[in-house]
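In: Sharing a model that was predicted from the sequence below.
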Amino acid sequence: MVLERSYGLHGLRLVVEGAPTAWGEAAAAALHGRLARFALASGSADLAGPDLRFALTPDLPDRPAAGRPVYDPPVGEVLYDEGEDLLYLQYGPRLGVLCEPRTGRTRLAAAEPSEADLWPLSHPLFTLPLVELLKRRGLYAVHAAGLSRGGRALLLAGHSGAGKSTLTMALARAGFGFLVDDTLLLAHRPEGLRILAFPDEVDLTEESVGFFPEIAPHLEGEPREGWRKRQLRAEQVYRSEVVWECAPGALVFPRVAGTAESALTPLDPAEALFELAPNVLLTEPRSSQAHLDALAALVEASACYRLATGRDLEGAVRLLEEVVDGPPPA
């Protein structure tokens, strides 16, 4: 017997499967926390053969002999074997991933796992192969939070610690529609480039939680072992609408400034594209170039800014409201 959950991800069917052990069920539940809004009902007519399959297994994959580094993670390594077209991830002695982009199959492996392994397994070790699988199928990922207002996207791009999640919650509280907290998707449609939602849980530090006393009733107990942040759903706290697809609008690169007031400054589009370029894993050349082209199209269609976020969170929200409500770039 195999534990199996199915999801419909913007036209693709994604399946998570594993042995029905206590840890297998916990790992599937951690992944479900990110994919819940895409869940397909059992017996749905949409359940054709899966396009993407993630198998939870105890068997660690072999490191490819011909793999070359394509990403520099804080822990472990990420390698791509060009000859075999394989993406390999290693995270400490107990966790590893082997992704076969052509077939759509990925093994998420955990040997003698613990509760502390659930966060890396369901976040970096799931996200990186998913990004590679999706770019081979015409969906291009951007590490950014996304909100929507008036049919146009407000994207907050940048590294962890830039304050994206805090701004996301503040904008959701102000009435923006919610697309994503961490990784959004781009797709080419007949009407032009579109922003697609990935409405997983919002990850908040304890410091960020302090800005929003109204969310305390939605947090359960102490943080989970090994989880760096607290998880909750912005659309459940503020009843903001999940916007599944919208047009580009504004692209903002925030940073925590620590000043009394927030400041917004225009950003040259070429510099914005340079900032986004690390989103592309340099694996298979054709799909990697298509990913870079999608990022260039996003920059061209967006008004680009830097935001120095001060202690006036509501002031930062007002600045962002103005840029997304303004005219699109010429």
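Out: Cool, the structure landed. Numbering: from 1, shown residues only.
In: What's the end-to-end length of stretch 62-82?
Out: 16 Å (C-alpha to C-alpha, to the nearest Å).
In: Next, the buried residues of that stretch.
Out: Neighbour counts over stretch 62-82 (16 or more other C-beta atoms under 10 Å) mark Pro64, Gly67, Val70, Tyr71, Gly76, Val78, Leu79, Tyr80, Asp81 as buried. Where you see a C-beta, it was placed from the backbone N, CA and C, and this is true even at glycine.
In: List the contacts of Leu184.
Out: Ala141, Val142, Ala144, Ala145, Gly146, Leu155, Ile195, Leu196, Ala197, Phe198 (C-beta atoms under 8 Å, 6 or more residues apart in numbering).
In: Counting by contacts, list what the longest strand seen in the chain packs against.
Out: Longest strand of the chain, by residue count under DSSP state E: strand 245-256. Of the remaining helices and strands, those touching strand 245-256 by 3 or more C-beta pairs under 8 Å, 6 or more residues apart in numbering; DSSP states H and E are strand 140-149, strand 152-157, strand 192-196, helix 269-276, helix 285-301, strand 303-309, helix 313-325.
In: pLDDT on the shortest one, on average?
Out: Mean pLDDT, computed over strand 192-196, is 96.
In: same question, the longest one
Out: Per-residue pLDDT values over helix 285-301 give a mean of 98.
In: so what pLDDT did Arg53 get?
Out: At Arg53, the pLDDT value in this model is 97.
In: Spell out the secondary structure type for Ala162.
Out: Recorded secondary structure, Ala162: coil (DSSP: H, G, I helix; E, B strand; the rest coil).
In: mind listing the helices for this structure?
Out: Per DSSP state H, the chain carries helices over the ranges 22-35, 118-122, 124-135, 164-173, 206-209, 234-238, 269-276, 285-301, 313-325.
In: List the buried residues for stretch 186-204?
Out: Quick answer for stretch 186-204 (16+ other C-beta under 10 Å): 186-187, 193-204.
In: show me the contacts for the closest residue in space to Pro269 that isn't next to it in sequence.
Out: Excluding the flanking residues, the one nearest Pro269 by C-beta to C-beta, 6 or more residues apart in numbering is Val299, at 4.8 Å. If you count contacts by C-beta under 8 Å, 6+ apart, Val299 has them with Leu251, Pro269, Ala272, Leu273, Leu276.
In: Give me the local confidence score for Leu47.
Out: On the pLDDT scale, Leu47 gets 50.
In: Also Gly43?
Out: Looking at Gly43, its pLDDT reads 51.
In: Could you report the distance from Val209 to Leu313?
Out: Separation of Val209 from Leu313 (C-beta to C-beta, to the nearest Å): 13 Å.
In: and if you look at Glu25?
Out: Following C-beta to C-beta, the distance that separates Glu25 from Leu313 is 39 Å.
In: Please say which of the two ends up with more neighbours.
Out: Using other C-beta atoms under 10 Å as the criterion, Glu25 and Leu313 rank with Leu313 on top: 18 against 14.
In: Next one: the more buried one, what pLDDT does it get?
Out: Note on Leu313: pLDDT of 89.
In: Let the chain start at 33 from now.
Out: In the new numbering, first residue 33, that becomes Leu345.
In: Next one: Asp149 from Gly128, what distance?
Out: 11 Å.
In: What score does the spatially most central residue of the chain have for pLDDT?
Out: Closest residue to the average C-alpha location of the chain: Thr215 at 2.2 Å, with C-alpha atoms, centre = their mean. Note for Thr215: predicted pLDDT of 92.
In: Same question for the one 3 residues further on.
Out: The confidence metric pLDDT takes the value 98 at Leu218.
In: How about the contacts made by it?
Out: Leu218 touches Leu171, Tyr172, Ala173, Val174, Leu225, Arg226, Ile227, Leu228, Ala326, Leu327, Ala329, Leu330, counting by C-beta under 8 Å, 6+ apart.
In: Surely Glu332 and Pro301 touch.
Out: Yes. Using C-beta atoms under 8 Å, Glu332 is in contact with Pro301, at 6.8 Å.
In: start to end distance for stretch 203-215?
Out: 17 Å.
In: actually stretch 240-251, sorry about that
Out: Per C-alpha to C-alpha, stretch 240-251 runs 13 Å from first to last residue.
In: Identify each buried residue in it, please.
Out: Buried-residue list, stretch 240-251, by 16+ other C-beta under 10 Å: Ser240, Val241, Phe244, Ile247.
In: Roughly how far does the third one sit from Leu166?
Out: Read that as Phe244. 31 Å.
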